[in-house]
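Asker: Requesting a structural model of the entry that follows:
(2 chains)
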There are 2 protein chains.
Amino acid sequence: MNNFFFCSPTKYIFGRDVENEAGRRIADEGGKKALIVIGGGSVVRSGLLDRVTKSLDEAGIAHTLLSGIQPNPVDTKVYEGIRQARAEKCDFILAVGGGSVIDTSKAIAAGVPYDGDFWDFFMGKPVEKALPVGVVLTIPAAGSEGSGNTVITRLDGLHKISIRSPYLLRPKFALMNPELTYTLPFSQTAAGVADMMSHIFERYFSQTEGVEITDRLCEGALKAIMAEALKIKATPTDYDARANIMWSGTVAHNGVLGVGRQEDWASHGLEHELSAVYGVTHGAGLAVIFPAWMTFMADCQPQRGAQLARRVFDIVDDDDRSAALKGIERLKAFYREMQLPTTLAELGIPEPDIDLLVKKVHENKGTPFGFYRPLFPADSRKIYELAR
Amino acid sequence: MNNFFFCSPTKYIFGRDVENEAGRRIADEGGKKALIVIGGGSVVRSGLLDRVTKSLDEAGIAHTLLSGIQPNPVDTKVYEGIRQARAEKCDFILAVGGGSVIDTSKAIAAGVPYDGDFWDFFMGKPVEKALPVGVVLTIPAAGSEGSGNTVITRLDGLHKISIRSPYLLRPKFALMNPELTYTLPFSQTAAGVADMMSHIFERYFSQTEGVEITDRLCEGALKAIMAEALKIKATPTDYDARANIMWSGTVAHNGVLGVGRQEDWASHGLEHELSAVYGVTHGAGLAVIFPAWMTFMADCQPQRGAQLARRVFDIVDDDDRSAALKGIERLKAFYREMQLPTTLAELGIPEPDIDLLVKKVHENKGTPFGFYRPLFPADSRKIYELAR
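Answerer: Numbers count the residues shown, from 1 in each chain, chains lettered A, B, ... in the order given. The predicted model follows:
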């Protein structure tokens, strides 16, 4: 086990009706005026935004709205939010949405008190100050509500880059009402499930020895996620299944499953290029990339994949490579049951420009990148080929 | 799943040599003068106290020492610590030890800024203010380094009572070096393992439905703990095994395994009377009480025990009661392998005063107590009888 620092200071307030606490919670954190950040119109149409603004009004919190955040959120909306928050003298950012809205909110929060270009942080400058961020979560997927990460796409150059500030970018609170997810299209629930599973895989596939406690926690979480996801498929308004999936998305990414181990994150790098170039849904892209990446690893480094297969998919097979491959088949079968794509063609990319993808991923991530087995361009190419 | 609030703000700094950061961490929290709380002489003899005080000196943190905290810590040492901290104008409490030292430190921290008798908090008054507490952990067991709980025994009346303040009593930081546990007597490592497993059982045995994610995390943690504990038995200086057990003790009790579910805690009540009356080691007492409590439950409410048996002990048996009983046998076999007692006689209490134990546990815990199946005096009596 590696040395580690871990702290998860976000206050999780979980259950029915908790979105109505938004105003009071902002007041508790010392906020006076909030920039509310939302995506498309669904939070307006559902009445959620009204309930949230009412709770702010009742708590005496002034507010202004930034809307129109899209999936794979872009820098232009961050610049817009920074300008608006400064002009309106906001001292708090409230994200009402899923990962894209939360990630945009975090980037705005870091950018407002910074004199330079916020993109500097994505080029390596450490965040030293940020406005506090709160979250009303509507999509369980990215885990951004409990993480110190944000991923933003540079619109002009199609660069999708993530930054991590373990402490400053963690939301102060996350209000999590599973009922808000009842009306998600099934494809979005499914993509979210693939996203949270991938956050566990990135931590699970590690070269670090002697990490049984986190191995077992990862394996348990994966089993729970798959079982509960299928319950949602059967009954979209199954409260407990929705609650399990919502909380699993947080657990998968708040860090507790990764302590003391070298994490991988190559697959996220490979997928980010798909999202940046082809605009695909991040979770759906991961459902394609991960089985391909695991298949590549089964040939050269099968141990972890074999353990996953045996412990999570109950594969009985003494040969590591063979066990790993059988596990991948089970994983793909689960994704298909969730109506997720498992090939680039199914993802709507029948003719992927693999030269471009390989070039860009190594431009953004360096050479080699990833830690379970660092990837060189020939490896990345092979994985994209396996994903066809 | 029940609604819940969860926050785990403690900073965990984990790995080799981290005890040398004590001074700097106290300074980061704004401390100027620390009351260092220790148990017996082992932290002195091992040189740990010297290393810690050196780090405080280097960081310019003044300090004074309170020593002699015993297992099952008592109120008299809390009163002594409160007087000393006030006289010496301490603004920080640094616990260097295991659960007893940390629990005493928390009670002192709550008592110093309070005008009345600190025991009021144990009689139901909420803690509203407390000095910050830091921890250098030497015994993985109680999980007090990451919890908001403290358990203190009233010496005059043999009352052992716990209080919980989810936020205020959580340590600001916990410095966790697995190497510090190499020299623990095996019996103490084993009792610690039984203690952390019991913290998971108390959460696992729940009436709350629809909590698959925490079920699976609990089951995974139990599997990891048992595997790693046996590695320590074989090789006391196995760093990774020590690290897994140390971190498991924290995970077992920092709350993440209990969110969204009604926890039980009857067995801790039953055991606390054994510790209070007979002075037995808490963990060893739990190794006796839990199998007895589970046996009682197998007869009247076997579902959870059966799931535990099937998922953690790989029992294949369709009948819930029978599966649960087989699981309990496996658990006892594991405890015996860890050289733990599984009966009151083996615990050194061949003639338990069951009348007294039943009377006192209902005096302290009320009637009924526990949540998985609330216990009336006839039930408590039966469980103590099963433990003989």
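
Asker: where does A:Ala378 land in three-state SS?
Answerer: Local secondary structure at A:Ala378 is given as helix here, using DSSP: H, G, I helix; E, B strand; the rest coil.

Asker: can you count the residues close to it?
Answerer: Other residues lying near A:Ala378 total 8 when counted by other Cβ atoms under 10 Å in any protein chain shown. To be clear about C-beta, it is placed using only N, CA and C from the backbone, and glycine gets the same treatment.

Asker: correct me, but A:Ser147 touches A:Arg170?
Answerer: Yes. Using Cβ atoms under 8 Å, A:Ser147 is in contact with A:Arg170, at 6.8 Å.

Asker: How about the contacts made by A:Gln307?
Answerer: Applying Cβ atoms under 8 Å, 6 or more residues apart in numbering or on different chains, we find A:Gln307 in contact with A:Asp215.

Asker: Toward the C-terminus, what is the element adjacent to the helix or strand containing it?
Answerer: Element membership for A:Gln307, per DSSP states H and E: helix A:303-312. If you walk from helix A:303-312 toward the C-terminus, the next helix or strand you reach (DSSP H and E) is helix A:320-337.

Asker: Show me the contact partners of the helix or strand following that following helix.
Answerer: Downstream of helix A:320-337, the next assigned helix or strand under DSSP H and E is helix A:354-365. Here helix A:354-365 makes contact (Cβ under 8 Å, 6+ apart) with A:158-161, A:266, A:269-270, A:272-274, A:276-277, A:369, A:377, A:380-381, A:384-385.

Asker: Can you list which of those residues are found in helices?
Answerer: A:266, A:269-270, A:272-274, A:276-277, A:377, A:380-381, A:384-385 (DSSP state H).

Asker: now those residues in JSON lines, with distance to chain B?
Answerer: Output for the ones in helices among the contacts of helix A:354-365, formatted as JSON lines (distance: Cβ to the nearest Cβ, whole Å):
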{"residue": "A:Ala266", "distance to chain B": "25"}
{"residue": "A:Gly269", "distance to chain B": "27"}
{"residue": "A:Leu270", "distance to chain B": "28"}
{"residue": "A:His272", "distance to chain B": "27"}
{"residue": "A:Glu273", "distance to chain B": "31"}
{"residue": "A:Leu274", "distance to chain B": "29"}
{"residue": "A:Ala276", "distance to chain B": "32"}
{"residue": "A:Val277", "distance to chain B": "34"}
{"residue": "A:Pro377", "distance to chain B": "35"}
{"residue": "A:Ser380", "distance to chain B": "32"}
{"residue": "A:Arg381", "distance to chain B": "36"}
{"residue": "A:Tyr384", "distance to chain B": "33"}
{"residue": "A:Glu385", "distance to chain B": "35"}
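
Asker: so which two of those residues are the farthest from each other?
Answerer: Within the ones in helices among the contacts of helix A:354-365, A:Ala276 and A:Glu385 form the most distant pair, 19.3 Å apart (Cβ to Cβ).

Asker: More neighbours: the two, which one.
Answerer: A:Ala276 (23 against 13).

Asker: The more buried one: what's it in contact with?
Answerer: With contacts defined as Cβ under 8 Å, 6+ apart, the neighbours of A:Ala276 are A:72, A:153, A:158-160, A:360.

Asker: nearest to chain B, of those residues?
Answerer: A:Asn72 (27.5 Å; Cβ to the nearest Cβ).

Asker: What parts of the stretch 151-300 of chain A come near chain B?
Answerer: Residues of the stretch 151-300 of chain A lying near chain B by Cβ under 8 Å from any Cβ of the partner chain: A:178, A:209-213, A:215-221, A:223-225, A:227-228, A:239-241, A:243-244, A:247-248, A:251, A:256, A:259-260.

Asker: And these, which of them are buried?
Answerer: Buried subset of these (neighbour count, 16 or more other Cβ atoms under 10 Å in any protein chain shown): A:178, A:210-213, A:215-221, A:223-225, A:228, A:240-241, A:243-244, A:247-248, A:251, A:256, A:259-260.

Asker: For A:Phe173, list each beta-bridge partner.
Answerer: Beta-bridge partners of A:Phe173, counted by DSSP bridges, are A:Lys11, A:Gly134.

Asker: Touching, it and A:Lys11? I think so.
Answerer: Yes. Using Cβ under 8 Å, A:Phe173 is in contact with A:Lys11, at 4.3 Å.

Asker: Would you mind listing what in the stretch 1-150 of chain A touches chain B?
Answerer: A:1-16, A:18.

Asker: Among the residues you listed, name the buried ones.
Answerer: With burial judged by 16+ other Cβ under 10 Å, the buried subset of the residues of the stretch 1-150 of chain A next to chain B is A:1, A:4, A:6-15, A:18.

Asker: between the ones in helices among the contacts of helix A:354-365, which is nearest B:Arg321?
Answerer: Using Cβ to Cβ, the ones in helices among the contacts of helix A:354-365 come closest to B:Arg321 at A:Ala266, 48.5 Å.

Asker: hey, which helix or strand in chain A has the poorest pLDDT?
Answerer: For chain A, using mean pLDDT, DSSP states H and E, the weakest element among its helices and strands is strand A:159-164, scoring a mean of 77.

Asker: Let's see the pLDDT reported for A:Pro113.
Answerer: At A:Pro113, the model reports a pLDDT of 97.

Asker: count of residues packed around it?
Answerer: There are 14 residues near A:Pro113, going by other Cβ under 10 Å.

Asker: circling back to that earlier point, and of the contacts of A:Ala276, the nearest to B:Gly68?
Answerer: Lowest distance from B:Gly68 to these (Cβ to Cβ) belongs to A:Lys160, with 58.6 Å.

Asker: partner residues bridging the closest one?
Answerer: Going by DSSP bridges, A:Lys160 forms beta bridges with A:Thr153.

Asker: so what's it up against?
Answerer: Per Cβ under 8 Å, 6+ apart, neighbours of A:Lys160: A:72, A:151-154, A:272-273, A:275-276, A:364.

Asker: how much space is there between the residue of chain A positioned farthest from its centre and A:Lys326?
Answerer: What lies farthest from the middle of chain A is A:Asp318; by Cα atoms, centre = their mean that is 34.0 Å. Distance, A:Asp318 to A:Lys326, by Cβ to Cβ, to the nearest Å: 12 Å.

Asker: Poorly predicted segments of chain A, please.
Answerer: In the predicted model, chain A carries pLDDT under 70 at residues A:157-158, A:166.

Asker: try 90
Answerer: Along chain A, the parts satisfying pLDDT under 90 run over A:40-41, A:71-72, A:122-124, A:151, A:153-168, A:275-276, A:279, A:364.

Asker: For the lengthiest helix in it, which helices and strands make contact with it?
Answerer: Secondary structure assigned by DSSP H gives helix A:212-234 as the longest helix of chain A. In terms of contacts (3 or more Cβ pairs under 8 Å, 6 or more residues apart in numbering or on different chains; DSSP states H and E), helix A:212-234 is packed against helix A:186-204, helix A:239-251, helix A:303-312, helix A:320-337, helix B:212-234, helix B:239-251.

Asker: Surely A:Leu230 touches A:Tyr335?
Answerer: No. Taking Cβ under 8 Å as the definition, A:Leu230 is not a contact partner of A:Tyr335, at 11.7 Å.

Asker: Neighbour count for these two, which is higher?
Answerer: Neighbour count, other Cβ under 10 Å: between A:Leu230 and A:Tyr335, A:Tyr335 has more, with 24 against 14.

Asker: list the contacts for that one?
Answerer: By Cβ under 8 Å, 6+ apart, A:Tyr335 lies in contact with A:194, A:287, A:291, A:341-342.

Asker: ok, now with 6 Å
Answerer: A:287, A:342 (Cβ atoms under 6 Å, 6 or more residues apart in numbering or on different chains).

Asker: Only C-alpha atoms, please: export the helix or strand containing A:Ser8 in CSV.
Answerer: A:Ser8 belongs to strand A:4-14 when assigned by DSSP H and E. In CSV, the C-alpha atoms belonging to strand A:4-14 read as follows (Å, rounded to 0.1, in the frame of the first residue of the first chain):
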residue,chain,number,x,y,z
PHE,A,4,-1.7,8.6,1.1
PHE,A,5,-3.6,11.7,2.1
PHE,A,6,-7.4,11.5,2.2
CYS,A,7,-10.1,13.8,3.2
SER,A,8,-13.7,14.0,2.1
PRO,A,9,-15.1,17.2,3.6
THR,A,10,-18.2,17.5,1.4
LYS,A,11,-21.4,17.4,3.4
TYR,A,12,-23.8,14.9,1.8
ILE,A,13,-27.4,15.5,2.5
PHE,A,14,-29.3,12.6,1.0
